[in-house]
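Trainee: Coordinates only, no sequence provided:
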């Protein structure tokens, strides 16, 4: 076996070991880290709260003297969130 082939095989083995040590898969799809998943969920929840607040404020501004539509909107969004 030539020295060039042997060195190439060593490099391949080392690369495989490094991949295994780092916990990274060399093939296939990777999963998102648990912290990333949790942060995405928190972001989605915050966006939903902000959207609900925005809709309630829009209804308040469109019906300045009427309380019934405002309370209905608050109840609707409180149940959703």
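Mentor: Cool, the structure landed. For clarity, every value in this text was computed on a predicted model and none was experimentally measured.
Trainee: Tell me the helices and strands packed up against the strand or helix carrying residue 52.
Mentor: Using DSSP states H and E, the element containing residue 52 is helix 34-62. Counting contacts by 3 or more CB pairs under 8 Å, 6 or more residues apart in numbering; DSSP states H and E, helix 34-62 packs against helix 68-80. Where C-beta positions appear, they are placed from N, C-alpha and C, glycine not excepted.
Trainee: got the contact list for the helix it packs on?
Mentor: 48, 52-53, 55-56, 59-60, 63 (CB atoms under 8 Å, 6 or more residues apart in numbering).
Trainee: Buried ones in that helix, by neighbour count?
Mentor: Residues of helix 68-80 classed as buried: 70, 73-74, 77 (neighbour count, 16 or more other CB atoms under 10 Å).
Trainee: For residue 41, state which of the residues you listed is nearest.
Mentor: residue 77 (19.3 Å; CB to CB).
Trainee: Quick check: the gap between that closest one and residue 35.
Mentor: Distance of residue 77 to residue 35, computed by CB to CB, to the nearest Å: 29 Å.
Trainee: Equivalent analysis for residue 46, please.
Mentor: Taken as CB to CB, the span from residue 46 to residue 35 is 16 Å.
Trainee: if we can go back for a sec, tell me the one among the buried residues of helix 68-80 nearest to residue 31.
Mentor: Distances from residue 31 to the buried residues of helix 68-80, taken by CB to CB, are shortest for residue 77, at 33.4 Å.
Trainee: per-residue confidence at that closest one?
Mentor: Looking at residue 77, its pLDDT is 82.
Trainee: again, but for residue 36
Mentor: Confidence score, pLDDT, at residue 36: 92.
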